[in-house]
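# one predicted model, sequence on top.
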Amino acid sequence: MELTFNKQIARPYNSNSQKIRVMAEDWVSREIFCPACGSDIKNYENNRPVADFFCLDCKEEFELKSKKGTIGNKIVDGAYRTMIERLQSNNNPNFFLLNYSLRSFEAINFFVIPKHFFVPQIIERRKPLALSARRAGWAGCNISLQNIPLTGRIYYVKDKQIKPKSKIISDWERTLFLREEGEITARGWILDIMGCIDQLAKREFNIGEIYSFEKSLKGKHPNNKHIKDKIRQQLQFLRDKGYLEFVGHGKYRLIR
């Protein structure tokens, strides 16, 4: 994989934003493969409202977001209402996120977030435009990356280090079971528990350590009166799907 952008392709454009968009899209179309099946991906025609790329074989769709410097915890996206409607209809693409250097015009980090990690909890509504604005009342949104479990960020390139193709595809397959959970509320609970496991920052843990998140989970799910029961249910689900291994005496181990 070549990390450097093709600067020549941007010469016909005047604005820096147009140049970066063209170079980033060109780089992705040349260097990136579909994480679901390993096949080539192709650009959609311009101004398609939902996605930027699609896989020639399995038809997975991808929207590209690029950012200079560090990616940070939030990604600016489009209309809040449109995004929520897309999530509820499951008509949302997977997200490619590219972090590049404006000085060297090369990719620093590049990863994909599978669409099954997108739930309303990670979408933040921005302040609506003022009444004096041309689109008065319009509200955009941010995608909160800090609310996405670590397994939801599948790296192709991390700190300019290129990951093996086999690992990228394996990491994609690891969480496909989430697509079986058509109900967004149910998927949100699973992702919350996966996030709690991430916060423990260790491969093996006991159920008591997950119970320590009871208060924060209650804040996210105020209508649920049986938080510990729900925690146990989700841990069992993740065990059954091969994400966790139960090692006995209330202990679990992450499967990698």
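Received it, and whenever you're ready, just let me know what you need.

# Phe111 against Leu150, yeah?
No. Under the contact definition of C-beta atoms under 8 Å, Phe111 does not touch Leu150, with a separation of 10.7 Å. To be clear about C-beta, it is placed using only N, CA and C from the backbone, and glycine gets the same treatment.

# where does pLDDT dip in this protein?
Using pLDDT under 70 as the threshold, the predicted model of the chain has low-confidence ranges 46-50, 182.

# so which residue of it lies furthest out from the middle?
Note on the chain: the largest C-alpha distance from the chain mean falls to Ser132, namely 34.5 Å (C-alpha atoms, centre = their mean).

# residue boundaries of the strands in the stretch 51-200 of the chain?
For the stretch 51-200 of the chain, the strands identified by DSSP state E, counting those that start in this stretch occupy 53-55, 61-68, 74-79, 94-101, 106-113, 123-125, 140-144, 154-158, 161-162, in order along the chain.

# out of those, nearest to Lys220?
strand 140-144 (13.0 Å; C-beta to C-beta).

# can I see the domain layout of this protein?
Annotated domains of the chain cover 1-171, 181-256 [automatic domain parsing].

# looking at Phe111 and Leu150, which is more packed in?
Remark: of Phe111 and Leu150, Phe111 carries more neighbours, 22 against 12, as counted by other C-beta atoms under 10 Å.

# contact partners for that one?
Listed by C-beta atoms under 8 Å, 6 or more residues apart in numbering, the contact set of Phe111 reads Phe96, Leu97, Arg153, Ile154, Tyr155, Tyr156, Val157, Lys158.

# from Lys251, how far off is it?
Between Phe111 and Lys251 the computed distance is 30 Å (C-beta to C-beta, to the nearest Å).

# now Pro149
Taking C-beta to C-beta as the criterion, Pro149 is separated from Lys251 by 20 Å.

# just Val112 next, same as before
Taking C-beta to C-beta as the criterion, Val112 is separated from Lys251 by 32 Å.

# so between the two, which is more surrounded?
It is Val112, of Val112 and Lys251, that has more neighbours when counted by other C-beta under 10 Å, with 23 against 14.

# pretty sure the more buried one sits against Phe96.
Yes. In this structure, Val112 sits in contact with Phe96. The criterion is C-beta under 8 Å, and the distance is 5.5 Å.

# for Leu56, grab phi and psi.
Dihedral angles of Leu56 (phi, psi; degrees, to the nearest 10) stand at phi -70, psi -30.
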